[in-house]
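Peer 1: Sequence and predicted structure below; questions after.
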Amino acid sequence: LGDLSAQDLRARAAEALTRARARSVALTDAVDDEDLVRQHSKLMSPLVWDLAHIGVQEELWLVRDVGGREPLRPDIDDIYDAFQHARADRPELPLLGPAEARAYVKQVREKALDVLEHAPMEGRRLTEQAFAFGMITQHEQQHDETMLATHQLRRGDPVLHAPAPPPARSGTLPAEVLVPGGAFTMGTSAEPWALDNERPAHELAVGAFWMDTVPVTGGAYARFLDSGGYDDERWWSPAGWAYRTEHGITAPRFWKREQDGWWRTAFGVYERVPADEPVVHVSYFEAEAYAAWAGRRLPTEAEWEKAARFDPATGRSRRFPWGDGEPSAEHANLGQRHLRPAPAGAYPAGASPTGVHQLIGDVWEWTSTDFHGYPGFAPFPYREYSEVFFGPEYKVLRGGSFGTDSAAIRGTFRNWDYPIRRQIFAGFRTARDAAPGEVG
Ligand code: AVJ
Ligand code: FE
């Protein structure tokens, strides 16, 4: 935790919690009560479930666990336990109504801030308590991103608005850059808010590889579609082809072919697919097929992290592609500042030392790696955060999207989902092995 005093940590946690809550309130106040309790897709919870669930987790970990206070609503723990009820079944639960849910999260927050003010923060307890507040902040922001995905699935007129992202500013970028081979430090033991699956830091050897400078764009993806890529089994893995056939997948989610090209719906706006913005709402299987069509492959998770963190000049892994400093609006498209990915090349200040752009923000990037614990993994503070998901059925995504808050992203952050999922803000970039002798 460096030289931060308990007072600094308190102020930082309070600020981060307050920012997360402003976002949760904005996302839930944007629609009427009917829309709050409606299920907009079987893949998602009603927004009012997410809202109260945010409160229940905060009550559990901050009010009861850190604070040692009396439970506010022990009777609703079960309803908002994500493991007891699948998303599809949540509308049938006796959920708190919109007004009740709003009052409940407000009450919990008052208690949590009181705990923050009075909790003894020193020594080992300081590290643990700073983590608890960081974990709950990230939890709320993760659900805010999930609620944003629910908004994208909602039908009707637009209710969310944001300015356009910055234009591309880098002139012509090379299509790919070489990342040198050799060992690097993956994961972290130092980030105070790092979740269990990012820990511990460990050395890992990665061969030299070429990585796309920017994520695959809508224009590039449309060329794959227009060349018949979805009808050509050669590009698809057996599991991917079965998925594409069984689900009748013909284009990314929210895309529609018109006479004059590809259009899409984004937060209630029907518009031409932006050719220069990273493609979004593709499954792992679609990303994998595109990469094969392009004569390439998806990066492994270790390659992604090396591209994002490794500085060849010092041999050190940094917190972010641009260095150790927190993300600013100059570095990356995060925090729902814009309601879409920014054009490829829009964040030159966010590039990595080897020249890879937009690794953080814009779109989550599919990697070819199954979700597993690192060597030395220890579940913390509960097995259900990550460990129960380890295994071959989930693929790792990296980097965060335009809908990810800066509190919930860093070079080590790991997200995961089923390879068929595409309601999340997921895109990808491709890679290839370097030839022998190309060492970087
Ligand atoms: C890390 C995004 C996969 O939403 O399932 C939220 C985060 N964990 N509540 C999810 C999470 C518990 C998680 N992801
Ligand atoms: Fe949750």
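Peer 2: Yep, it's here. Ligands and ions are numbered 1, 2, ... in the order given.
Peer 1: any low-confidence regions in the stretch 301-440 of the chain?
Peer 2: Residue ranges of the stretch 301-440 of the chain with pLDDT under 70: 440.
Peer 1: Up against ligand 1, what does it have?
Peer 2: 415-416 (C-beta under 6 Å from any ligand atom). The way it works is simple: take the backbone N, C-alpha and C, and place the C-beta from them, glycine included.
Peer 1: Any idea which residue of the stretch 301-440 of the chain lies closest to ligand 1?
Peer 2: Of all residues in the stretch 301-440 of the chain, the one sitting closest to ligand 1 is residue 415 (5.1 Å; C-beta to the nearest ligand atom).
Peer 1: What of the stretch 201-350 of the chain?
Peer 2: For the stretch 201-350 of the chain, C-beta to the nearest ligand atom, closest residue to ligand 1: residue 284, 13.9 Å.
Peer 1: And that residue, how far from residue 201?
Peer 2: Applying C-beta to C-beta, to the nearest Å, the value for residue 284 to residue 201 is 27 Å.
Peer 1: Neighbour count for these two, which is higher?
Peer 2: Each of residue 284 and residue 201 has its neighbours counted (other C-beta atoms under 10 Å); residue 284 has more, 27 against 17.
Peer 1: Could you pull up the residues touching the nearest residue in space to that one that is not next to it in sequence?
Peer 2: Distances taken as C-beta to C-beta, 6 or more residues apart in numbering place residue 419 nearest to residue 284, at 3.5 Å, with adjacent residues excluded. For residue 419, the contact set (C-beta atoms under 8 Å, 6 or more residues apart in numbering) comprises 239-240, 243, 283-285, 288, 395.
Peer 1: Go again with 6 Å.
Peer 2: Counting by C-beta atoms under 6 Å, 6 or more residues apart in numbering, residue 419 makes contact with 284-285, 395.
Peer 1: ok, how many other residues are close to the residue nearest to the residue of the stretch 301-440 of the chain closest to ligand 1 when sequence neighbours are not counted?
Peer 2: Once flanking residues are discounted, residue 415 sits nearest to residue 397: 4.3 Å by C-beta to C-beta, 6+ apart. The local packing of residue 397 (other C-beta under 10 Å) involves 28 other residues.
Peer 1: If you count contacts, what does the helix or strand hosting residue 397 end up packed against?
Peer 2: In the assignment (DSSP states H and E), residue 397 maps to strand 391-398. Judged by 3 or more C-beta pairs under 6 Å, 6 or more residues apart in numbering; DSSP states H and E, the packing partners of strand 391-398 are strand 364-371, strand 415-417.
Peer 1: now do 7 Å
Peer 2: Applying 3 or more C-beta pairs under 7 Å, 6 or more residues apart in numbering; DSSP states H and E, one finds that strand 391-398 contacts helix 301-309, strand 364-371, strand 415-417.
Peer 1: How about this protein: which residue is closest to ligand 1?
Peer 2: Across the chain, the shortest distance to ligand 1 (C-beta to the nearest ligand atom) belongs to residue 142, at 4.3 Å.
Peer 1: Helix, strand, or coil at that residue?
Peer 2: At residue 142 the chain is in helix, as set by DSSP: H, G, I helix; E, B strand; the rest coil.
Peer 1: Tell me how many other residues crowd it.
Peer 2: For residue 142, using other C-beta under 10 Å, the count is 18.
Peer 1: so it touches residue 408, yeah?
Peer 2: Yes: the criterion here is C-beta atoms under 7 Å, and residue 142 meets it with residue 408 at 5.7 Å.
Peer 1: Can you give me the neighbour number for the closest residue to residue 298 other than its chain neighbours?
Peer 2: Nearest residue to residue 298, sequence neighbours excluded (C-beta to C-beta, 6+ apart): residue 368, at 4.3 Å. Residue 368 has 19 neighbours, counted by other C-beta under 10 Å.
Peer 1: Relative to residue 437, how far out is residue 368?
Peer 2: According to C-beta to C-beta, residue 368 and residue 437 sit 24 Å apart.
Peer 1: Helices of the protein, residue ranges please.
Peer 2: All helices of the chain, identified by DSSP state H, fall at 6-29, 33-37, 47-58, 98-118, 123-153, 218-226, 238-246, 284-293, 301-309.
Peer 1: I'd like the ones you listed laid out as a markdown table, including distance to residue 86.
Peer 2: Converted to a markdown table, the helices of the chain look like this (distance: least, C-beta to C-beta, whole Å):
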| stretch | distance to residue 86 |
| --- | --- |
| helix 6-29 | 22 |
| helix 33-37 | 18 |
| helix 47-58 | 12 |
| helix 98-118 | 20 |
| helix 123-153 | 14 |
| helix 218-226 | 31 |
| helix 238-246 | 20 |
| helix 284-293 | 21 |
| helix 301-309 | 27 |
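Peer 1: ok, and the closest non-adjacent residue to residue 433?
Peer 2: Leaving aside its chain neighbours, residue 433 sits nearest to residue 209 (5.7 Å; criterion: C-beta to C-beta, 6+ apart).
Peer 1: so that neighbour touches residue 431, yeah?
Peer 2: Yes: between residue 209 and residue 431 there is a contact under C-beta under 7 Å: 5.3 Å.
Peer 1: what do these two both touch?
Peer 2: Shared contacts of residue 209 and residue 431 (C-beta atoms under 7 Å, 6 or more residues apart in numbering): residue 303.
Peer 1: May I have stretch 50-58 exported as CSV, CA atoms only?
Peer 2: Below are the C-alpha coordinates for stretch 50-58, written out as CSV (Å, rounded to 0.1, in the frame of the first residue of the first chain):
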residue,chain,number,x,y,z
ASP,A,50,-28.7,-5.9,-9.6
LEU,A,51,-29.4,-2.8,-7.6
ALA,A,52,-30.5,-4.7,-4.4
HIS,A,53,-27.7,-7.4,-4.9
ILE,A,54,-25.1,-4.5,-4.9
GLY,A,55,-26.6,-3.6,-1.5
VAL,A,56,-26.6,-7.1,-0.1
GLN,A,57,-23.0,-7.7,-1.0
GLU,A,58,-22.1,-4.4,0.6
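Peer 1: Figure out how far that stretch is from the centre of its chain.
Peer 2: Using C-alpha atoms, centre = their mean, to the nearest Å, the distance from the centre of stretch 50-58 to the centre of the chain it belongs to is 19 Å.
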